[in-house]
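[1] Give me coordinates for this.
(chains A and B)
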Amino acid sequence: MGQLYRKLNAATAKPAKDISVAYHGVDILDPEESSDAGSFANFGDPLLAEIRARGKLPILAGGAGLYIRALLEGLDALPQRDDQFRERLKKRAEDEGREILYKELQAIDPVAAKGIPANNINRVTRALEVHHLTGKPISSFWERQRRPPKHPAVYIAIQWEPEVLRTRIRERAEAMFPALLKEVQSLVPEFYLGMEPGFRCLGYPEAVACVRGELQEDQALEAMIKTTNAYAKRQRTWFRRQVDAIWLTPGDDLAERAERAYREKL
RNA sequence: GGGGGUAUCGGUUAAUGGCUAAACCACUGGUCUCCAAAACCAGUACUCCAGGUUCGAAUCCUGGUACCCCCG
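    Here you go, the predicted structure:
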């Protein structure tokens, strides 16, 4: 996710430059460009086909479950995001409260309203947006018959002991933080406001707040650790419940076991 | 040794002597079809201890304990 963005290197865990694997999808957006699951899928779909055609095995590495699903399974034919419309809704939600938007959704699309929590402003917004753009309720696009995945794949996830994972996340954040601060200082406020889409990536909002003097360094670091832990938890839930992942334990020969799992499954 | 203050979920705090002790964060589980490194839902868990006053105590009183501050 963060790896998509140019200039944001310190906290995005990009692959080392001298690595012997061909990487794609790194440094393809500027921080002011927004990304979404649909455009990610559009980017990756031909790429996967092309790599396969060369007889190579593509590997998707990352934890944004929705992006991976969008790429491997495809999305329904929903329209792309409309940022202007979203801005308007956001403003209305701030001025009049989010309940207004949900009431609107209930009026336009009771089916969708039933499936979307009233407080989930993101999904309520999306549903209203689709209606705005197409004149049709988003639920009318939901008529999805189970289609075969566009790209056959095995999901492989690593199951860490909770305490070990916690420690690794802390150490990772601590290791990244000094460079992250320096990087953000060199970008904000001179070149960026720090509110652009790229700066939504883990650790960046905290570093921006620190550069602006809103947080002490140690507070920012702790906040970054916090959000990273929360993210890891969401990942765990996603790969546990949303997809049929194979869970491997660290300490084994991961590469070997992953390959075996892959052969068994396909 | 003397004086004062504080004590409520893991953390920070809320509750005129009166509903089932609350909120936020953390933690655990979960939701998910285009901002997802997002947004959201649910759950666990607390009145320092022992007495007393009272119909009724987190709240008032006594003693103890722990921590903080001041004086020696």
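
[2] What is the neighbour count of the nearest residue to A:Pro137 once chain neighbours are set aside?
    Distances taken as C-beta to C-beta, 6 or more residues apart in numbering put A:Asp109 closest to A:Pro137, at 3.5 Å, once the chain neighbours are dropped. Bear in mind the C-beta positions are built from the backbone N, C-alpha and C, glycine included. If you count neighbours by other C-beta atoms under 10 Å, A:Asp109 ends up with 21.

[3] What backbone torsions are found at A:Asp109?
    phi -150, psi 80 (degrees, to the nearest 10).

[4] where does stretch A:91-104 sit relative to the chain's centre, distance-wise?
    Put simply, stretch A:91-104 sits 25 Å off its chain's centre (C-alpha atoms, centre = their mean, to the nearest Å).

[5] Any residue of it touching RNA strand B?
    No. Using C-beta under 7 Å from any atom of the strand, stretch A:91-104 stays clear of RNA strand B, with a minimum separation of 8.4 Å.

[6] now the end-to-end length of that stretch.
    Using C-alpha to C-alpha, to the nearest Å, the end-to-end distance of stretch A:91-104 comes out at 15 Å.

[7] now the strands: where do they sit in chain A?
    A:155-158, A:245-248 (DSSP state E).

[8] helices or strands up against the last one?
    If I follow you right, that is strand A:245-248. Applying 3 or more C-beta pairs under 8 Å, 6 or more residues apart in numbering; DSSP states H and E, one finds that strand A:245-248 contacts strand A:155-158, helix A:254-265.

[9] ranking the ones you listed by burial, who's on top?
    strand A:155-158 (a mean of 16; mean count of other C-beta atoms under 10 Å).

[10] Just to check, A:Tyr5 is in contact with A:Pro31?
    Yes. Using C-beta atoms under 8 Å, A:Tyr5 is in contact with A:Pro31, at 5.6 Å.

[11] shared neighbours of those two, anything?
    Residues touching both A:Tyr5 and A:Pro31 by C-beta atoms under 8 Å, 6 or more residues apart in numbering: A:Gly198.

[12] Counting neighbours, what do you get for the closest residue to A:Thr125 other than its chain neighbours?
    Distances taken as C-beta to C-beta, 6+ apart place A:Leu89 nearest to A:Thr125, at 5.2 Å, with adjacent residues excluded. The number of residues packed near A:Leu89 is 22, by other C-beta under 10 Å.

[13] Distance check, A:Leu89 against A:Leu105.
    When distance is defined by C-beta to C-beta, to the nearest Å, A:Leu89 is 11 Å away from A:Leu105.

[14] intersection of neighbour lists for these two?
    A:Leu128.

[15] Contacts for the lowest-mean-pLDDT helix or strand in chain A, please.
    Least confident helix or strand of chain A, by mean pLDDT, DSSP states H and E, is helix A:254-265 with a mean of 79. For helix A:254-265, the surrounding residues in contact (C-beta under 8 Å, 6+ apart) are A:Val154, A:Ile156, A:Ile158, A:Ile246, A:Leu248.

[16] change it to 6 Å
    Contact with helix A:254-265 is made by A:Val154, A:Ile156, A:Ile246, A:Leu248, as judged by C-beta atoms under 6 Å, 6 or more residues apart in numbering.

[17] in stretch A:184-202, what's buried?
    A:Val184, A:Leu187, A:Val188, A:Tyr192, A:Gly194, A:Glu196, A:Pro197, A:Gly198, A:Phe199, A:Cys201, A:Leu202 (16 or more other C-beta atoms under 10 Å).

[18] Thank you, goodbye.
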